[in-house]
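*Asks:* I would like to see how this sequence folds:
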Amino acid sequence: MTDSRAAMAKLRVELVGLGVTDAYEVCDDAILSVWIGLVVTFRDGFYRWQEGVVKRRHLGTDPVGCAIRVARRYAELHADAPPWWDELAKTLRGEAAENYP
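*Replies:* As a prediction, this is how the structure comes out:
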């Protein structure tokens, strides 16, 4: 198992513990899609997460701290979906996406 795959597996376990159960791997073993437009990558020993065009870097290498920050943002997005969500969902998934993230 590669370092990035192991790091993402640890992050995924932490996210599930915080109630984020629908995250999935995208493209390779170093990218995890948490919600449409919200992704986490692991590179150079750091977790980085991105929401749309806004990039953020978790200041540590610990999956727990990153999971807490990402789960908090995930909950905020679910509570109040940003205005770009509907248009992005339709573009990426078609009209059938409606309220599914």
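
*Asks:* check contacts around the closest residue to L77 other than its chain neighbours.
*Replies:* Excluding the flanking residues, the one nearest L77 by CB to CB, 6 or more residues apart in numbering is W35, at 5.7 Å. Where you see a C-beta, it was placed from the backbone N, CA and C, and this is true even at glycine. Residues counted as contacts of W35 (CB atoms under 8 Å, 6 or more residues apart in numbering) are 22, 74, 77-78, 101.

*Asks:* just the helices from this protein, written as ranges.
*Replies:* 3-17, 63-79, 84-93 (DSSP state H).

*Asks:* CSV for these, including mean pLDDT and mean neighbour count?
*Replies:* Shown next, in CSV, are the helices of the chain (pLDDT from 0 to 100; neighbours: other CB atoms under 10 Å):
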stretch, mean pLDDT, mean neighbour count
helix 3-17, 91, 17
helix 63-79, 90, 17
helix 84-93, 70, 13
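
*Asks:* between the ones you listed, which gets nearest to G45?
*Replies:* Distance to G45, taken as CB to CB, is lowest for helix 3-17 among these, at 8.0 Å.

*Asks:* before we move on, the earlier item: okay, the helices of the chain in TSV with distance to G52 next?
*Replies:* Listed next are these as TSV, based on distance: least, CB to CB, whole Å:
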stretch	distance to G52
helix 3-17	19
helix 63-79	11
helix 84-93	7
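
*Asks:* tell me which residues touch the most centrally placed residue in the chain, please.
*Replies:* Centroid-nearest residue in the chain, with CA atoms, centre = their mean: V34, separated by 3.0 Å. For V34, the contact set (CB under 8 Å, 6+ apart) comprises 15, 20, 23, 40, 49, 70, 74.

*Asks:* got it, and A67?
*Replies:* 11, 14-15, 17-18, 20.

*Asks:* cutoff 7 Å now
*Replies:* Residues in contact with A67, defined by CB atoms under 7 Å, 6 or more residues apart in numbering, are 11, 14-15, 18.

*Asks:* distance check, it against M8.
*Replies:* Distance check for A67 against M8: by CB to CB, to the nearest Å, it reads 11 Å.

*Asks:* just to revisit the earlier point, just put the contacts of W35 in JSON lines and tack on distance to P63.
*Replies:* Rendered in JSON lines, the data for the contacts of W35 read as follows (distance: CB to CB, whole Å):
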{"residue": "D22", "distance to P63": "18"}
{"residue": "Y74", "distance to P63": "15"}
{"residue": "L77", "distance to P63": "20"}
{"residue": "H78", "distance to P63": "21"}
{"residue": "P101", "distance to P63": "22"}
